[in-house]
Structures are given as C-alpha cells and as structure tokens.
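J.: Structure for this input, please:
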Amino acid sequence: MKTVRVTYTARQEYAGQNQQNIQKVMSDLQQLNHPGLLYHCCVNADGKTFVHTAFFKSEQDERVLLDLPSFKSFQQQLMASGPEVPPKQELPAFVGSSHNMFNA
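T.: Sure thing, here's the model as predicted:
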C-alpha cells in the first residue's frame, strides 16, 4: 500500500474554482468506484489551504488517479493559478484504519 499526502495553499481568488475542480475529480472517482483507491481532500479553516490524502493498494491503482482526465486538468489549473504555497508531497507510512480500506 502507498499513502500520498499533498498540502498547498491556493490564492484566495482561486480557492472556489479549486474546490469545484476537486469535486469534479471526486465525482469521476465515485463513478469509477475503483476498489484499490481511496482519495479525500479537506480544506483548512482559512478556506484556501488544501490537504489531499490518497491511499493506493498498488501502483496500478495509483495510475487510475494519475491518468484520470479530471485529475490532470485539476493539477494543470492549480499550477497555472500560481498557488501561494506550492504543493508539497509527503509519503507517510500507513499504520492503521478504523475499517478495512481495501477489503483484503
């Protein structure tokens, strides 16, 4: 399993569009219902600092997200917007969950 966490701060004037782009990605992922991928995003109280966390059962499952057209568009638009704090990727080690994430 691989865990990826990405944190960044969008410009205030772009934060709403960023949320819409994220919602499109989530809608597409919900439609796919891919069993080896769990992905969520939260925004901090400032309304512009976003924290994305993804759990992948395998590298192939990670490709599902990375190859998703709405995810590619989200990334491109975010970088073009000139974030206040650019995305920082971390790879935390998974310890446990309150439920079996991948039904394994």
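J.: center of this protein, which residue is that?
T.: Centroid check for the chain by CA atoms, centre = their mean gives His52 as the closest residue, at 4.1 Å.
J.: and the helix or strand where it lies, how far from the chain's centre?
T.: Taking DSSP states H and E as the criterion, His52 maps to strand 49-56. Relative to its chain's centre, strand 49-56 lies at 4 Å (CA atoms, centre = their mean, to the nearest Å).
J.: I'd like the next helix or strand past that strand.
T.: helix 59-66.
J.: got a list of what the spatially closest residue to Asn21 that is not a sequence neighbour touches?
T.: Sequence neighbours aside, Phe74 is the residue nearest to Asn21 in space, at 4.2 Å (criterion: CB to CB, 6 or more residues apart in numbering). Quick note: C-beta positions are derived from backbone N, CA and C, even for glycine. Going by CB atoms under 8 Å, 6 or more residues apart in numbering, Phe74 touches 18, 21-22, 24-25.
J.: isn't there a helix covering Phe74?
T.: Yes - per DSSP: H, G, I helix; E, B strand; the rest coil, Phe74 lies within a helix segment.
J.: need the longest helix for the chain.
T.: When the chain is scanned for its longest helix (criterion: DSSP state H), the result is helix 12-32.
J.: same for it, what does it pack against?
T.: Packing partners of helix 12-32 (3 or more CB pairs under 8 Å, 6 or more residues apart in numbering; DSSP states H and E): strand 37-43, strand 49-56, helix 69-80.
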